[in-house]
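Chemist: I'll drop the sequence and a predicted model, then ask my questions.
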Amino acid sequence: MILGIGTDLIEVERVAEKMEKKAGFRELVFSPAEIIYCEAKASKYEHYAARFAAKEAFLKAIGTGWRSGTAFNEIEIYNDAEGKPELRFLGTTADTVAAMKTGKIFVSLSHLRSMACAMVIIEAAH
């Protein structure tokens, strides 16, 4: 059974502008592993934007949006061995999500030069 679905769409330029103008934005929103991954890409802002969209989509899927006990940089999007995006939770956010007793979480990312989007589906725990 599906517990929640979230989707988000964002302009790549909006993320790029925030990162260029606002000191500390990158570290506030992205985990160290995400920063390493995105900085190694030729079109790094597309990758940052897709990950930002996935974090927003996750918060929509849990049905409450941002809540106490969650932090953007503790919601991490990584690629498995075959390149499939996955979500993992760090720090306090890991404890908060564990208490929700969710099942499997699915994430899909897509990006172009100007736009990035993500969808998250959360299954209920069995």
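Modeler: On my side now, so go ahead. Residues are numbered from 1 along each chain as shown.
Chemist: Show me what the lowest-mean-pLDDT helix or strand in the chain is packed against.
Modeler: Ranked by mean pLDDT, DSSP states H and E, the helix or strand of the chain with the weakest confidence is helix 91-100, at a mean of 89. Secondary-structure packing of helix 91-100 (3 or more CB pairs under 8 Å, 6 or more residues apart in numbering; DSSP states H and E): strand 85-89. Backbone N, C-alpha and C define where each C-beta goes, glycine included.
Chemist: And the strand it packs on, what's buried?
Modeler: Pro85, Leu87, Phe89 (16 or more other CB atoms under 10 Å).
Chemist: Give me the nearest residue to the most centrally placed residue in the chain, chain neighbours excluded.
Modeler: Nearest to the mean C-alpha position of the chain, counting by CA atoms, centre = their mean, stands Lys55 at 2.8 Å. Nearest non-adjacent residue to Lys55, counting by CB to CB, 6 or more residues apart in numbering: Ile75, 4.7 Å away.
Chemist: And for Ser110?
Modeler: Cys117 (5.2 Å).
Chemist: Over to Phe106?
Modeler: Phe106 sits nearest to Ile121 (CB to CB, 6+ apart), 4.5 Å away.
Chemist: What separation do you get for the one you found and Ile62?
Modeler: 12 Å (CB to CB, to the nearest Å).
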